[in-house]
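Asks: Okay, structure incoming, though there's no sequence with it:
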């Protein structure tokens with residue numbers, strides 16, 4: 001995604017319902033609303049930047065390192081791309097980046113637990129800093145997760161937001177990928193269920209979801225993936241909603257999150 005967005009594009013995007021949701025939540029969640037709105041619309045502002053955010057368990061102030069992180073914070077805390085309520089207990093977050101999505105899940109209540117997977121060590125250093133107050137409630141594994149296990153080529157770029165398996169970017173590194181079923185098996189040995197499975201892996205999302213074994217998919221309540229599928233995913237179990245660039249799979253007959 002380009003580093004800048006035109007003002008015209010922002011105005012056009014405000015016609016979408018999800019962006020009205022975002023604007024309302026920016027007013028509610030950002031004590032420095034006008035400053036953050038300016039940063040979001042114009043890209044103006046220096047970084048690193050500690051963005052104060054109101055949450056159900058009190059204010060937090062994660063460090064953002066670029067305009068791209070400002071986009072992430074707004075998408076998660078204001079646009080509610082990964083909406084969750086205060087009943088969540090266990091979250092599997094694949095592609096945790098610098099910890100903004102994990103921070104959202106951990107601040108829905110004081111007991112939720114997150115299992116985080118992020119292979120880019122530049123991101124995990126920042127993630128640990130942003131989640132410093134939540135040590136003991138999250139587990140971080142510095143590996144990728146996909147439909148395959150073993151060593152893979154992983155493309156990275158300077159922002160840390162857009163890296164992924166097999167992507168041809170500025171630099172390619174070798175990392176270990178874990179099979180999604182091995183990861184879920186390990187979590188479900190400790191948890192009754194996974195309330196939210198979030199996957200943001202820059203291209204591997206759909207094939208990863210489709211490789212989840214029936215024994216595991218039955219114990220997942222909601223799935224968020226950064227993808228726009230051209231076909232229905234798991235239609236026998238989930239209702240599928242496209243929320244902008246996020247595909248939301250909602251388990252039928254499950255209580256809302």
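Replies: That came through fine. It should be emphasised that the depicted structure is a prediction, and the values quoted were computed from it without experimental measurement. Numbering: from 1, shown residues only.

Asks: Report the contact partners of the residue nearest to residue 133 when sequence neighbours are not counted.
Replies: Nearest residue to residue 133, sequence neighbours excluded (Cβ to Cβ, 6 or more residues apart in numbering): residue 60, at 7.5 Å. (Glycine included, C-beta is placed from N, CA and C.) By Cβ atoms under 8 Å, 6 or more residues apart in numbering, the residues touching residue 60 are 52-53, 103, 107, 133.

Asks: can we see that at 10 Å?
Replies: Contact analysis of residue 60 by Cβ atoms under 10 Å, 6 or more residues apart in numbering lists 50-54, 77, 103-104, 106-107, 130-131, 133-134.

Asks: And those residues, which is closest to residue 19?
Replies: Lowest distance from residue 19 to these (Cβ to Cβ) belongs to residue 77, with 14.0 Å.

Asks: what about that closest one, how many residues close to it?
Replies: 27 (other Cβ atoms under 10 Å).

Asks: got it, and residue 228?
Replies: Here the number of neighbours of residue 228 (other Cβ under 10 Å) works out to 12.

Asks: quick one: it from residue 143, how far?
Replies: Distance from residue 228 to residue 143, counting by Cβ to Cβ, to the nearest Å: 26 Å.

Asks: picking that back up, just wondering, since we're on the residue nearest to residue 133, how far is it from residue 101?
Replies: Residue 60 is 13 Å from residue 101, by Cβ to Cβ.

Asks: Which neighbours do the two have in common?
Replies: Joint contacts of residue 60 and residue 101 (Cβ under 10 Å, 6+ apart) are residue 77.

Asks: Quick check: phi and psi at the residue nearest to residue 90 when sequence neighbours are not counted.
Replies: Spatially, and ignoring its direct neighbours in sequence, residue 90 is nearest to residue 191 (4.2 Å; Cβ to Cβ, 6+ apart). Backbone geometry at residue 191, expressed as degrees, to the nearest 10, gives phi -120, psi 150.

Asks: Look up phi and psi at the nearest residue to residue 184 once chain neighbours are set aside.
Replies: Spatial nearest neighbour of residue 184, chain neighbours left out: residue 216 (4.4 Å); criterion: Cβ to Cβ, 6+ apart. Backbone torsions for residue 216, taken as degrees, to the nearest 10, come to phi -90, psi -40.

Asks: Quick one: neighbours of residue 216, just the number.
Replies: For residue 216, the count of nearby residues is 17 (other Cβ under 10 Å).

Asks: Am I right that it is in contact with residue 179?
Replies: No. Checked against Cβ atoms under 10 Å, the pair residue 216 and residue 179 is beyond contact range at 11.1 Å.
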